[in-house]
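Trainee: show me how the following folds:
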Amino acid sequence: MRKYFKKLLAVGMATSLAFAGLTGCGSDAAQNVPQDNQEAVEATQEATEAAPAAEATTETAAEEATEAPAAEATTEEVAEDTATDIPIEEKEMKDITPAELVAQIEIGWNLGNSLDAYGASGLASETSWGNPATTKEMIDAVAAKGFNSIRVPVTFGGHMGPAPDYTVDPEWMARVKEVVDYCIEDDLYVLLDSHHEEDWRIPDNDHVDATSEQMAALWTQIAEEFKDYDYHLIFEGMNEPRVKGGQNEWNGGTPEVRKCLDTLNQVFVDTVRATGGNNEYRLLLITSVAGSHVISTIAPLKIPEDDHIAVAIHAYTPYAFTYEDPSANPYDNWDGSHKGDITGVFSDLSRIFLAKGVPVLITEMGAVDKNNEDEVVNWVTEYLSRAKKSGIPCYWWDNGNFDQEGEKFAVFNRNDNTWYREKLVDAMMAVYEEE
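Mentor: Numbers count the residues shown, from 1 in each chain. As a prediction, the model looks like this:
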């Protein structure tokens with residue numbers, strides 16, 4: 001599967017813009033705090049009673065899904081059909097199952113804090129958080145290293161006109177398309193994600209109707225713009241949807257929030273499908289409250305009735321190791337004593353989703369640099385080995401920050417297309433090179 005990602009790609013053009021340290025995505029420790037409130041207990045009990053057979057087959061279902069001969073054969077066939085000399089608009093859209101498609105994705109990288117930055121108007125917003133403008137050479141370097149998928153987070157809210165049309169600035173849409181094309185031209189799988197939209201995308205009873213209208217307007221425009229793209233382009237409807245400052249913001253929200261999110265997930269799916277063309281078969285990613293993996297939000301998550309659906313989850317696990325939040329009792333070393341935290345997350349995802357035939361992608365994961373690269377290498381090997389066994393692709397969150405204040409998630413230097421933490425990245429690749 002990886003043979004066509006190993007080609008040597010030209011790496012060049014350096015830029016010299018300074019990076020200001022800024023926070024990344026999913027930065028609250030609460031995403032990984034164990035749940036002990038009554039809501040969570042009830043949600044867990046409901047999920048357990050609803051699917052006892054699925055619980056019994058957690059590990060076997062996940063392993064069988066990743067080792068099925070039929071899926072492997074399809075993977076190779078699709079990989080061989082990929083060709084760089086076919087124009088994007090002429091590539092064939094295959095009606096393959098979500099499991100077959102997800103099985104082709106191994107390890108991904110986030111182009112964070114670039115197209116999802118805000119604070120400036122127009123095209124200038126891409127560099128407003130200190131990262132240089134995205135170039136084809138950057139994407140070439142990431143692909144040459146072995147990543148076979150890139151997530152492109154994009155903030156659209158500040159680039160949309162007023163109701164009722166909510167028209168996206170044509171220059172902004174064209175720039176998003178340009179960056180997506182950089183990835184597609186390298187035969188990468190692309191996750192196009194609507195990011196940092198919390199100011200208008202509010203999943204509660206007071207806002208859900210207005211939010212639904214704006215989401216439908218936005219995704220109609222995105223879907224129409226990319227209608228002719230093939231299965232390499234995947235739409236991720238929402239990044240960490242939640243009520244900012246609300247109850248259990250990062251721990252599954254409330255029953256009201258979860259119900260409204262089910263509505264918004266359905267609006268996203270219905271909107272994209274209504275545009276027809278290749279979007280009839282495009283893989284769409286729905287998500288939980290805040291993208292969290294806690295039981296109180298993933299257990300009751302309503303999966304739309306659709307043949308091309310998967311779930312996007314974020315898992316900075318264990319949080320005390322991957323972040324530097326003092327309230328989380330952080331630690332810098334990885335001695336295996338917290339292995340159970342990782343195992344628990346993947347067991348829950350396997351039981352609740354994979355065992356029922358719903359693929360999962362962890363679209364954000366990672367660990368900040370604490371001058372402990374060897375420890376992070378040990379952790380990421382543990383983490384990705386468990387993910388690979390479960391058949392869940394993972395995407396490293398890279399916000400471009402390595403040596404400034406803030407969350408130091410960067411592994412790739414976008415100023416000169418080199419690697420800040422190459423030993424770590426090599427360890428990621430090693431997991432997927434093993435048979």
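
Trainee: strands along the protein, start to end?
Mentor: Listed in chain order, the strands found in the chain under DSSP state E are 107-110, 149-154, 189-194, 233-236, 284-287, 309-314, 360-365, 394-396, 412-413, 418-419.

Trainee: deepest-packed of the ones you listed, please.
Mentor: Most buried of the strands of the chain, by mean neighbour count (mean count of other C-beta atoms under 10 Å): strand 360-365, with a mean of 27. For glycine as for every other residue, the C-beta is placed from the backbone atoms N, C-alpha and C.

Trainee: got the phi/psi numbers for residue 246?
Mentor: Phi and psi for residue 246, reported as degrees, to the nearest 10, are phi -80, psi 170.

Trainee: picking that back up, rebuild the strands of the chain as TSV, extending it with mean pLDDT and distance to residue 372.
Mentor: Listed next are those as TSV, based on pLDDT from 0 to 100; distance: least, C-beta to C-beta, whole Å:
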stretch	mean pLDDT	distance to residue 372
strand 107-110	98	21
strand 149-154	98	25
strand 189-194	98	29
strand 233-236	98	31
strand 284-287	98	30
strand 309-314	98	22
strand 360-365	98	17
strand 394-396	98	16
strand 412-413	98	19
strand 418-419	98	17
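
Trainee: want to throw these into TSV with distance to residue 324?
Mentor: Shown next, in TSV, are these (distance: least, C-beta to C-beta, whole Å):
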stretch	distance to residue 324
strand 107-110	19
strand 149-154	22
strand 189-194	25
strand 233-236	27
strand 284-287	25
strand 309-314	18
strand 360-365	16
strand 394-396	17
strand 412-413	21
strand 418-419	22
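
Trainee: shouldn't residue 427 be in contact with residue 382?
Mentor: No: counting by C-beta atoms under 8 Å, residue 382 is not a contact partner of residue 427; they are 10.4 Å apart.

Trainee: which helices and strands sit right next to the helix of greatest length in the chain?
Mentor: Scanning the chain for the longest helix, with DSSP state H as the assignment, gives helix 255-274. Packing partners of helix 255-274 (3 or more C-beta pairs under 8 Å, 6 or more residues apart in numbering; DSSP states H and E): helix 208-225, strand 284-287.

Trainee: tell me the most buried of the ones you listed?
Mentor: strand 284-287 (a mean of 26).

Trainee: now that strand, how far from the centre of its chain.
Mentor: 9 Å (C-alpha atoms, centre = their mean, to the nearest Å).

Trainee: do stretch 269-289 as well
Mentor: With C-alpha atoms, centre = their mean, you get 16 Å for stretch 269-289.

Trainee: ok, residue 329 to residue 166 distance?
Mentor: Between residue 329 and residue 166 the distance is 44 Å, computed by C-beta to C-beta, to the nearest Å.

Trainee: those two: which is more packed in?
Mentor: A direct count of neighbours by other C-beta atoms under 10 Å for residue 329 and residue 166 places residue 166 higher, at 19 against 9.

Trainee: surely the more buried one and residue 219 touch.
Mentor: No: if you go by C-beta under 8 Å, residue 166 and residue 219 don't touch, sitting 10.5 Å apart.

Trainee: now distance to residue 155 too, for the helices and strands packed on helix 255-274, in a markdown table please.
Mentor: Shown next, in a markdown table, are the helices and strands packed on helix 255-274 (distance: least, C-beta to C-beta, whole Å):
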| stretch | distance to residue 155 |
| --- | --- |
| helix 208-225 | 11 |
| strand 284-287 | 16 |
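
Trainee: out of the ones you listed, which comes closest to residue 299?
Mentor: strand 284-287 (14.3 Å; C-beta to C-beta).

Trainee: show residues contacting that closest one.
Mentor: 191, 234-241, 265, 268-269, 272, 301, 303-304, 306, 308-313, 361, 363 (C-beta atoms under 8 Å, 6 or more residues apart in numbering).

Trainee: burial count for residue 172?
Mentor: Neighbour tally, residue 172, other C-beta under 10 Å: 21.

Trainee: ok, and the closest non-adjacent residue to it?
Mentor: Leaving aside its sequence neighbours, residue 172 sits nearest to residue 159 (C-beta to C-beta, 6 or more residues apart in numbering; 4.1 Å).

Trainee: can you give me the distance of that neighbour to residue 219?
Mentor: 14 Å.

Trainee: what does residue 273 give?
Mentor: 10 Å.

Trainee: check contacts around the residue nearest the centre of the chain.
Mentor: Nearest to the mean C-alpha position of the chain, counting by C-alpha atoms, centre = their mean, stands residue 363 at 2.1 Å. Contacts were defined as C-beta under 8 Å, 6+ apart; by that measure residue 363 touches 108, 110, 151, 191, 193, 236, 285, 291, 312, 313, 314, 395.

Trainee: what sits against the closest residue to the fifth one other than its chain neighbours?
Mentor: It stands for residue 193. Leaving out its chain neighbours, the residue that sits closest to residue 193 by C-beta to C-beta, 6+ apart is residue 236, at 4.1 Å. Counting by C-beta under 8 Å, 6+ apart, residue 236 touches 151, 191, 192, 193, 194, 284, 285, 287, 312, 363.

Trainee: coming back round to it: and the contacts of residue 363, which is closest to residue 410?
Mentor: Set against residue 410, the nearest of the contacts of residue 363 by C-beta to C-beta is residue 110 (10.4 Å).

Trainee: is the closest one in contact with residue 394, as I believe?
Mentor: No: the pair residue 110 / residue 394 is not scored as a contact, 10.6 Å apart, by C-beta under 8 Å.

Trainee: mind listing what's buried in stretch 377-390?
Mentor: The neighbour-count check on stretch 377-390 (16 or more other C-beta atoms under 10 Å) flags 377, 378, 379, 380, 381, 382, 383, 384, 386, 387, 388, 390 as buried.

Trainee: contacting residues around the second one?
Mentor: I take that to be residue 378. Taking C-beta under 8 Å, 6+ apart, one finds 334, 336 in contact with residue 378.

Trainee: and it, what's its pLDDT?
Mentor: On pLDDT, residue 378 comes in at 98.

Trainee: where does pLDDT dip in the chain?
Mentor: Scanning the chain for pLDDT under 70 picks out 1-91.

Trainee: all the helices of it, residue numbers only.
Mentor: Here the chain has its helices, by DSSP H, at 38-50, 52-56, 58-67, 69-81, 98-102, 136-145, 170-184, 208-225, 255-274, 295-298, 319-322, 339-352, 373-390, 422-433.
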